[in-house]
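**Student:** next input, structure requested:
(one chain, ligands or ions: 1)
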Amino acid sequence: MLYPLFFQPVYKEIIWGGQNLKTILNKEVPFEKTAESWEVCCHKNGMSIVDNGEYKGKTLKEVIDIHKTDLLGTKTLKYDRFPILIKYIDANDRLSVQVHPNDEYALKNEGDFGKTEVWYIVDAKENAKLIFGVKEGTTKDDFKTALKNKNLEECLNYVNVKKGDVIFIPSGTVHAILDGIVIAEIQQNSDTTYRVYDWNRVDKNGNPRELHVEKALDVIDFNMSGKVHMPNHEKANGYSFANITKCQYFNVDKIVVNEIYEDSTNGESFFIFMCIEGSGTLIYDNKEYKITTGKTFMIPAKENTFEIKGQVKLLKTYL
Ligand SMILES: [Zn+2]
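**Tutor:** Prediction:
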C-alpha cells in the first residue's frame, strides 16, 4: 500500500556552504560547510532513501520500480527517468557564476538532462543580491573580452532579492546565488553545471575548481536579463495560494495553510511538498503525519484526497 513518503536528506559539502540549513530549516547538517540538502532525488549523484513506514530504508528508485505509475502518475510516462530534483541550498558564501545546458545539448554532450530551475527565497540577509542573466546589450564578444580582462562582473545582471521572491532560471541563463541566501530549488533531474567564473577561489586542498568556459559560451543565452517577481496570493477557505512556476518541466504552487487545506491527486502526477515554515499535520488514509519546518514529503499520484492542518507554508511541486 502506498502512503506519503518522507526521505532522508542527501547532504553535500561544498566550499560556499555553511550552517544555515540547520538554523533556518532545522536540518541536522553533517558538515561545517553544508551547502545543499537534496530533499527528493533519483540521480547517480544522489539517491533519496525512504525514512518512514513499510518502505523505510528502500531507495526512491526501488519504490518507483514497485509502484510505477501509481506513485509517479501518467504524466511521467514520457520520461525515461525520474524527472525532477528538489533541494535546499545554503549560499553562506557566493556560488560560482554558472550556466546549465538545455536538454538537447546536455543529452548529446553529458548523457544527462538539461537544467531549468526555479528558486524560492526562503531567507535572505538585508540587501542580498544574486546574478540573473547578463546585463542588457551584452554580446558574446563582450562577454569573452570581459572574461579575458578579468572584469566579467561588468557583464552580469545583479538583482536584489528578499524572502518570498521567486526566480525562474531557464537553461542557458547565466546565474549565481550570492552570499547570505537560503533557497528552495526545484529543477530538472540533472547535475550538469558549466562554471564560467569562480571568484578566484581555491578549495580546502588549495586547488581552484574546474571551469568550463567553452561549453558555457556554447549554451549561454545572451538575450536573457532576468527580473525577480513576487507572486500574488489568492485567498481560499482555510488557506491561500499562488502559482509560482508553470513550465514544461514542472509546476510549483506556494500554499499558506492558516487552518486547513484539502487537496486530491487524480493519477496524473505525484505531489512533492516542502515545508518551508511552520508546522502541521498531514492526514492521508486516516493516518496522521507530523510535518515540521524543513521536512519534505511525496504524495503518490494515485487517486486520493488528503488534508493538511495547522499553520504552515508549503511549496507544492507537480507535473
Ligand atoms: Zn544553477
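
**Student:** residue 184 and residue 90 touch, don't they?
**Tutor:** No - using Cβ atoms under 8 Å, residue 184 makes no contact with residue 90, being 11.2 Å away. All C-beta spots, glycine's among them, are computed from the backbone N, C-alpha and C.

**Student:** which one's more surrounded, the two?
**Tutor:** Each of residue 184 and residue 90 has its neighbours counted (other Cβ atoms under 10 Å); residue 90 has more, 30 against 22.

**Student:** ranges for the strands of the stretch 151-300 of the chain?
**Tutor:** According to DSSP state E, counting those that start in this stretch, the stretch 151-300 of the chain carries its strands in the segments 156-160, 166-169, 175-177, 181-188, 194-197, 234-236, 239-246, 251-257, 260-265, 271-284, 287-292, 296-299.

**Student:** just put those strands in TSV and tack on mean pLDDT.
**Tutor:** Shown next, in TSV, are the strands of the stretch 151-300 of the chain (pLDDT from 0 to 100):
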stretch	mean pLDDT
strand 156-160	96
strand 166-169	95
strand 175-177	96
strand 181-188	97
strand 194-197	94
strand 234-236	92
strand 239-246	95
strand 251-257	97
strand 260-265	98
strand 271-284	98
strand 287-292	97
strand 296-299	98
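
**Student:** for residue 10, find the nearest of the ones you listed.
**Tutor:** strand 296-299 (11.5 Å; Cβ to Cβ).

**Student:** which other helices and strands does the closest one contact?
**Tutor:** Here strand 296-299 touches strand 5-8, strand 34-40, strand 271-284, going by 3 or more Cβ pairs under 8 Å, 6 or more residues apart in numbering; DSSP states H and E.

**Student:** quick check: domain ranges of this protein?
**Tutor:** As assigned by automatic domain parsing, the chain contains the domains 5-219, 234-318.

**Student:** of all the ones you listed, which one comes closest to residue 228?
**Tutor:** Of all the domains of the chain, domain 5-219 sits nearest to residue 228, with 4.9 Å by Cβ to Cβ.

**Student:** work out the gap between that closest one and the centre of the chain.
**Tutor:** The chain centroid and the centroid of domain 5-219 are separated by 7 Å under Cα atoms, centre = their mean, to the nearest Å.

**Student:** would you mind measuring the gap between the ends of that domain?
**Tutor:** Across domain 5-219, the terminal residues are separated by 36 Å (Cα to Cα, to the nearest Å).

**Student:** so what's residue 305 up against?
**Tutor:** By Cβ atoms under 8 Å, 6 or more residues apart in numbering, residue 305 lies in contact with 262-264.
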